[in-house]
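Asker: Here's my sequence, what's the structure:
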Amino acid sequence: MSEIRWATFDCFGTLVDWRHGISNGIDLLFRGQGARLLENYNRHEAAVQAEMPDRRYRTVMTEALRRTAREAGLSLREDDAAVLGATIPYWPVFDEVQEELTSLRDAGWRIALLTNCDQDVIGESQRRLGAKVDAVVSAEMVGAYKPRHNHFNRFEESFWVSRNNWVHVAQSYFHDMEPAHELGLARVWINRLGDPDPRSIVKHQLPDLRGLTDAVEAAHAERLAAR
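Answerer: Alright, predicted model coming up:
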């Protein structure tokens, strides 16, 4: 197994402001409704991903938006249903991302994205990160969405990664922290929403990416000590 140290990241929600993108996209169609409907959309998206693991992410977003509008009693024109997929290349990156990812690379870590989206989507978003990314595993590549383990397995097999030298970093507890825990990976939770840790499975938490390198190093050292 490789001795290269890898930090893997979820992209949307962790590096790119997914909540801003979704709520603003909804607001484009239904003025003032984005913030109110965000959590409903989030619930529908997770359900669509579970039901349709082989569908492209733009298709998933379109169907999740249809269900959100229907539940809220809002009339969604068919040609407006793809608004989220159309705007996703322009969703903003969190302010600290470029500096923190660059610092992590300078400390000797390679960076990979394990993302629940399509190849073209991550390609369009990746250019906005401002830091080099060494590898990408997308939902389109593996035919599944996290929290299933396909992304993690593909990454491990493709790059001969040692789990002793691998730290997973993400915002989503459901999509990322839980499967990383199930696989025994070192992990850092970017808890941007200040949520509780319901299962007490994450020791290393940050409110955003500031201090990322220290947290990744600490999680890695803890993993090595536990061998």
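Asker: going forward, measure contacts and count neighbours with C-alpha atoms only.
Answerer: OK.
Asker: Output stretch 103-117 as PDB, restricted to C-alpha atoms.
Answerer: This file holds the C-alpha atoms of stretch 103-117, laid out as PDB (Å, rounded to 0.1, in the frame of the first residue of the first chain):
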ATOM      1  CA  SER A 103      -1.700  24.900   3.300                       C
ATOM      2  CA  LEU A 104      -2.600  21.300   3.600                       C
ATOM      3  CA  ARG A 105      -0.800  20.500   0.300                       C
ATOM      4  CA  ASP A 106       2.200  22.400   1.500                       C
ATOM      5  CA  ALA A 107       2.300  20.200   4.600                       C
ATOM      6  CA  GLY A 108       2.700  17.100   2.300                       C
ATOM      7  CA  TRP A 109      -0.900  15.900   1.800                       C
ATOM      8  CA  ARG A 110      -2.500  15.000  -1.500                       C
ATOM      9  CA  ILE A 111      -6.100  16.000  -2.000                       C
ATOM     10  CA  ALA A 112      -8.900  14.100  -3.600                       C
ATOM     11  CA  LEU A 113     -12.600  14.800  -4.000                       C
ATOM     12  CA  LEU A 114     -15.300  12.100  -3.300                       C
ATOM     13  CA  THR A 115     -18.300  13.900  -4.600                       C
ATOM     14  CA  ASN A 116     -22.000  13.100  -5.100                       C
ATOM     15  CA  CYS A 117     -22.100  14.800  -8.600                       C
END
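Asker: Check the average confidence over it, would you?
Answerer: Per-residue pLDDT over stretch 103-117 has a mean of 97.
Asker: List of residues touching it?
Answerer: 4-12, 56-58, 122, 132-140, 145-146, 151-152, 212-213 (CA atoms under 8 Å, 6 or more residues apart in numbering).
Asker: How about stretch 48-59?
Answerer: 60, 63-64, 82, 84-85, 116-118, 139-140, 143-145.
Asker: From the contacts of stretch 103-117, list the buried ones, please.
Answerer: Listed as buried from the contacts of stretch 103-117 are 4-12, 56-58, 122, 133, 136-140, 145-146, 151-152, 212-213; burial here means 16 or more other CA atoms under 10 Å.
Asker: any idea how far stretch 156-166 is from the chain center?
Answerer: Centroid separation between stretch 156-166 and its chain, computed with CA atoms, centre = their mean, to the nearest Å, is 19 Å.
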